[in-house]
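Q: after the sequence you'll find the predicted model.
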Amino acid sequence: MSMSDQLADMLSRIRNAQMAGHKVTECPHSKLKANVCEVLKDEGFIREYKVDARDNNKNVLVIELKYAEGRGVIRQIDRVSKPGRRVYTSVKTMPSFYNGLGLLVVSTPRGVMPDYKAKAANVGGEVLCQVF
């Protein structure tokens with residue numbers, strides 16, 4: 001059975017693993033998911049991620065979660081743009097999440113980046129997810 005939204009699956013795995021108190025979670029690898037994990041790592045929401053090669057030539061993304069004072073660092077993580085309804089934004093109309101305290105992950109022509117870097121680079125794109 002194939003998944004229609006693999007990024008939403010990864011975000012749900014991160015959310016569920018953090019609520020259960022797991023240190024590590026795994027999901028199937030893709031370039032987009034690895035780029036989103038890179039943004040989450042750079043912004044301090046996850047500790048580390050790596051790609052492991054498994055049998056049958058399947059790569060797995062291993063994500064190490066981050067905790068502070070016994071609670072998960074990620075308070076909220078949601079998918080914004082979905083396969084049935086894509087959400088695109090320009091630089092001028094780019095929304096802020098929790099008045100700038102939260103983070104929007106945006107897929108731009110220059111790669112996947114946080115919203116403030118997209119504004120600084122003067123590029124818009126598809127809003128993938130929001131994290132707080």
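A: That came through, no problem. Residues are numbered from 1 along each chain as shown.
Q: can you give me the helices in the chain?
A: Using DSSP state H, the helices of the chain run over 6-20, 31-42, 115-121.
Q: with distance to A53, mean neighbour count and mean pLDDT added, can I get those in CSV?
A: Every residue, glycine included, has its C-beta placed from N, CA and C. Formatted as CSV, the helices of the chain follow (distance: least, C-beta to C-beta, whole Å; neighbours: other C-beta atoms under 10 Å; pLDDT from 0 to 100):
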stretch, distance to A53, mean neighbour count, mean pLDDT
helix 6-20, 18, 17, 97
helix 31-42, 14, 18, 98
helix 115-121, 31, 17, 97
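Q: out of those, which comes closest to K82?
A: Judged by C-beta to C-beta, the one of the helices of the chain that comes nearest to K82 is helix 6-20, at 7.1 Å.
Q: could you check the angle the closest one makes with helix 31-42?
A: 40 degrees (axes from the mean of the first three to the mean of the last three C-alpha atoms, to 10 degrees).
Q: for helix 6-20, packing partners?
A: Using 3 or more C-beta pairs under 8 Å, 6 or more residues apart in numbering; DSSP states H and E, the elements in contact with helix 6-20 are strand 24-28, helix 31-42, strand 59-65, strand 77-79, strand 125-131.
Q: could I get those as JSON lines with distance to D5?
A: As requested, those are exported to JSON lines (distance: least, C-beta to C-beta, whole Å):
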{"stretch": "strand 24-28", "distance to D5": "12"}
{"stretch": "helix 31-42", "distance to D5": "11"}
{"stretch": "strand 59-65", "distance to D5": "16"}
{"stretch": "strand 77-79", "distance to D5": "7"}
{"stretch": "strand 125-131", "distance to D5": "11"}
